[in-house]
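Q: sequence unknown, structure follows:
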């Protein structure tokens, strides 16, 4: 019984069976004829025509695929079924004949998978220049700065010198009534004046005015009886006057009276800080958007390269299957991986277009009528050189130059000006006024027979002469020189709010606002410090990842080459090769992510420390220099 069993097993082993090994080649042999898979052709680009541009990269025109043109537009890959084998194959096109045909060189990944939309190459400098030139918000901020300059000029105009002039003419008729003593029955007067006035920075006002007057008075000969006759008496007056008005308590002081000028200058500094912050935000967003485009572009290149490598492997394995050295299962496995990689290429193209549109939006471009939508970045920092970073130094830079902190400090300086004015408003009003008015007069002299005085008419020259060399006949002032005829006056005006609720409440309100603003500044400094620490840590992490991922890419490329060599001699499977390809794709993605993360962290740190614009060679017209103190005038308001 045992001998019969051994004989039957030997007979079964000697009999050829379907699906066994070929004794000559040692490869699996299928009795049933398998269908040859269709050739892997390039799929056609989506039917979107964005027009032609001299500087754009446009996809080639769609044409029928040919087996001799590896860069022809692709057709969607579909897994063939075994029963779909062609039954009318012409002679000489069998698997063995196809295997003996010379293989075409591997096509370029960019030509094998062309873009489905028009794109143009742009450098980062071109993008930044275009963004700054076309940014409407920056133009408005420049106008705001110019407006604040005019406000400063207007505030300084309060201390301009004003020229004053005037003229007055009058006529009065006062006839005698009853027994009234009448000194004049009529008077005509013509007066003119001119002068200068200026407000003082300390709060007062100085005025100098010269007044000239000519009057003609009708005097009765008898003050009790005007009907006895009248005579005309002419008089000429030259009277300069100097008037000084000055507060002694409330509204007194240079800083109080220059508060409007300080507010205007602070407003200009605030606008400059706002412009700087606006520009940094715009440049920050544009640079990050550009790095996103760079990431999408290089990610597309990696996925194209991965799909092209899988396509070339599919071509080689297809030839080996036709020659009977590989099984159809190996070809189907690679074919499935190729379909997945081409799907990733399509998604990467869509991501590149989306990132390009976002970048163009930040650049302020209009999409109406635009034919070139994609962006191919020319600025591609392939080799990054990480630097040592001083954390404490970066935090100090952020405190000194960060636009957000600067804006808060400027706000505190403005409130300190308000606090100074509000504190001064709590003082009582005590104003002083002083006036000195010398004059020169010339009046008609009536003849007196008793005293021997002859008649003499008044004149302007005599009035000016009397201003300097007047004679005091009565010898009251004992002054026969200049200013013998003068008028001096002085006055004080006092006003005090006993309860003082309004000025006290206003002052306390401003003090509370300053305290709140200082707390907000401390909070912002904490947030800025945290952001700087995170940015520095992100740069350090990305720097370490650059070294690690570059080594991972090198090892993945070496492993893939070794695995492909093993596969060609039959010591590896398609799964192993595809696994190595996936490892390389993942390593390239990680390396690319590390580079972009390092660039993004660098931009974040430059934005926090206020070094973003200088780092890229950008300068704003009228931009403010870094602050040196909390007050635009150099002092501190307490």
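A: It's in. The structure displayed is predicted, hence computed values, not measured ones.
Q: Now do the strands in the stretch 401-550 of the chain.
A: 429-436, 440-443, 488-495 (DSSP state E, counting those that start in this stretch).
Q: Of all those strands, which one is nearest residue 295?
A: strand 429-436 (69.0 Å; CB to CB). C-beta coordinates here come from the backbone N, C-alpha and C atoms, glycine included.
Q: for the spatially closest residue to residue 486 that is not a sequence neighbour, what are its contacts?
A: Once flanking residues are discounted, residue 486 sits nearest to residue 438: 4.0 Å by CB to CB, 6 or more residues apart in numbering. Neighbour list for residue 438: 239, 240, 467, 482, 483, 485, 486, 487 [criterion: CB atoms under 8 Å, 6 or more residues apart in numbering].
Q: residues in contact with stretch 270-289?
A: 124, 127-128, 131-132, 135, 137-138, 141-142, 144-145, 147-148, 355, 358-359, 362-363, 403-404, 406-407, 410-411, 414, 600, 603-604, 607, 610, 612-613, 616, 618, 620, 622-624.
Q: low-scoring stretches of the stretch 1-150 of the chain, by residue?
A: Within the stretch 1-150 of the chain, the ranges that satisfy pLDDT under 70 run 1-107.
Q: Now with 90, please.
A: 1-116, 125-126, 128-142, 144-145 (pLDDT under 90).
Q: May I have the residues that are in contact with the closest residue to residue 461 other than its chain neighbours?
A: In space, and not counting its chain neighbours, residue 461 is closest to residue 442: 8.0 Å by CB to CB, 6+ apart. If you count contacts by CB under 8 Å, 6+ apart, residue 442 has them with 235, 236, 458, 459, 460, 461, 462, 463, 466.
Q: what's the average pLDDT for the helix or strand residue 191 falls within?
A: Using DSSP states H and E, residue 191 sits in strand 186-199. For strand 186-199, mean pLDDT is 94.
Q: same check, this time on stretch 422-430
A: pLDDT averaged over stretch 422-430 gives 94.
Q: Then stretch 362-379?
A: On average, stretch 362-379 scores 88.
Q: Could you do stretch 228-237 as well?
A: 87.
Q: Would you mind listing the buried residues in that stretch?
A: Residues of stretch 228-237 classed as buried: 230, 233, 235, 236, 237 (neighbour count, 16 or more other CB atoms under 10 Å).
Q: what's the answer for stretch 139-154, then?
A: Residues 141, 142, 144, 145, 148, 149, 151, 152 are the ones in stretch 139-154 that count as buried (16+ other CB under 10 Å).
Q: Check stretch 189-200 too.
A: Buried residues in stretch 189-200, counted by 16+ other CB under 10 Å: 189, 191, 193, 195, 199.
Q: Who are the contact partners of the residue nearest to residue 521 when sequence neighbours are not counted?
A: Closest residue in space to residue 521, ignoring its immediate chain neighbours: residue 408 at 4.6 Å, by CB to CB, 6+ apart. Counting by CB under 8 Å, 6+ apart, residue 408 touches 517, 520, 521, 524.
Q: what's the distance between residue 408 and residue 204?
A: 36 Å (CB to CB, to the nearest Å).
Q: what does residue 315 give?
A: 97 Å.
Q: Between those two, which is the more surrounded one?
A: Shown here are residue 315 and residue 204; by other CB atoms under 10 Å, residue 204 has more neighbours (19 against 16).
Q: Residue 604 versus the residue nearest to residue 521, what's the distance?
A: Taking CB to CB, one finds residue 408 at 20 Å from residue 604.
Q: which other helices and strands contact the lengthiest helix in the chain?
A: Scanning the chain for the helix with the most residues, using DSSP state H, yields helix 501-568. Counting contacts by 3 or more CB pairs under 8 Å, 6 or more residues apart in numbering; DSSP states H and E, helix 501-568 packs against helix 391-401, helix 403-424, helix 574-608.
Q: Need those helices in JSON lines (columns: distance to residue 304).
A: Shown next, in JSON lines, are the helices and strands packed on helix 501-568 (distance: least, CB to CB, whole Å):
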{"stretch": "helix 391-401", "distance to residue 304": "39"}
{"stretch": "helix 403-424", "distance to residue 304": "42"}
{"stretch": "helix 574-608", "distance to residue 304": "11"}
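Q: Which one of the ones you listed lies nearest to residue 163?
A: helix 403-424 (29.9 Å).
Q: Between helix 391-401 and that closest one, find me the angle.
A: Using axes from the mean of the first three to the mean of the last three CA atoms, to 10 degrees, the inter-axis angle of helix 403-424 relative to helix 391-401 is 50 degrees.
Q: now stretch 254-266, how far from the chain's geometric center?
A: With CA atoms, centre = their mean, to the nearest Å as the basis, stretch 254-266 stands 28 Å off its chain's centre.
Q: May I see the buried residues of that stretch?
A: Residues of stretch 254-266 classed as buried by neighbour count (16+ other CB under 10 Å): 256, 257, 258, 259, 260, 261, 262, 263, 264, 265, 266.
Q: Stretch 499-511 too?
A: For stretch 499-511, by 16+ other CB under 10 Å, it's 503, 506, 507, 510, 511.
Q: Let me know the average pLDDT across it.
A: 94.
Q: Can you tell me what sits against it?
A: Contacting residues not belonging to stretch 499-511 are listed as 415, 418, 419, 422, 423, 425, 426, 497 [CB under 8 Å, 6+ apart].
Q: Equivalent analysis for stretch 241-249, please.
A: The contact list for stretch 241-249 (CB under 8 Å, 6+ apart) reads 200, 202-211, 252, 427-437.
Q: Show me just the buried residues among those.
A: 203, 204, 207, 209, 211, 252, 427, 430, 431, 437.
Q: Can you name the two of these that sit furthest apart?
A: Across these (CB to CB), the longest gap, 35.3 Å, separates 211 and 427.
Q: returning to that earlier point: pull out the buried residues from the contacts of residue 408.
A: If we count by 16+ other CB under 10 Å, the contacts of residue 408 have these buried: 517, 521, 524.
Q: Turn the residues you listed into a markdown table, columns for pLDDT and distance to residue 295.
A: Formatted as a markdown table, these follow (pLDDT from 0 to 100; distance: CB to CB, whole Å):
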| residue | pLDDT | distance to residue 295 |
| --- | --- | --- |
| 517 | 95 | 41 |
| 521 | 94 | 37 |
| 524 | 94 | 31 |
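Q: Out of these, which is nearest to residue 561?
A: Residue 561 has its nearest neighbour among the buried ones among the contacts of residue 408 in residue 524, at 54.2 Å by CB to CB.
Q: The closest one touches residue 404, doesn't it?
A: Yes - look at residue 524 against residue 404 with CB atoms under 8 Å: they come within range, at 6.1 Å.
Q: Residue 223 is in contact with residue 183, correct?
A: Yes - counting by CB under 8 Å, residue 223 is a contact partner of residue 183 at 6.0 Å.
Q: beta partners for residue 445?
A: As for beta bridges, residue 445 partners with residue 456 under DSSP bridges.
Q: and it, what is it in contact with?
A: 453, 454, 455, 456, 457, 458.
Q: Thanks a lot, see you next time.
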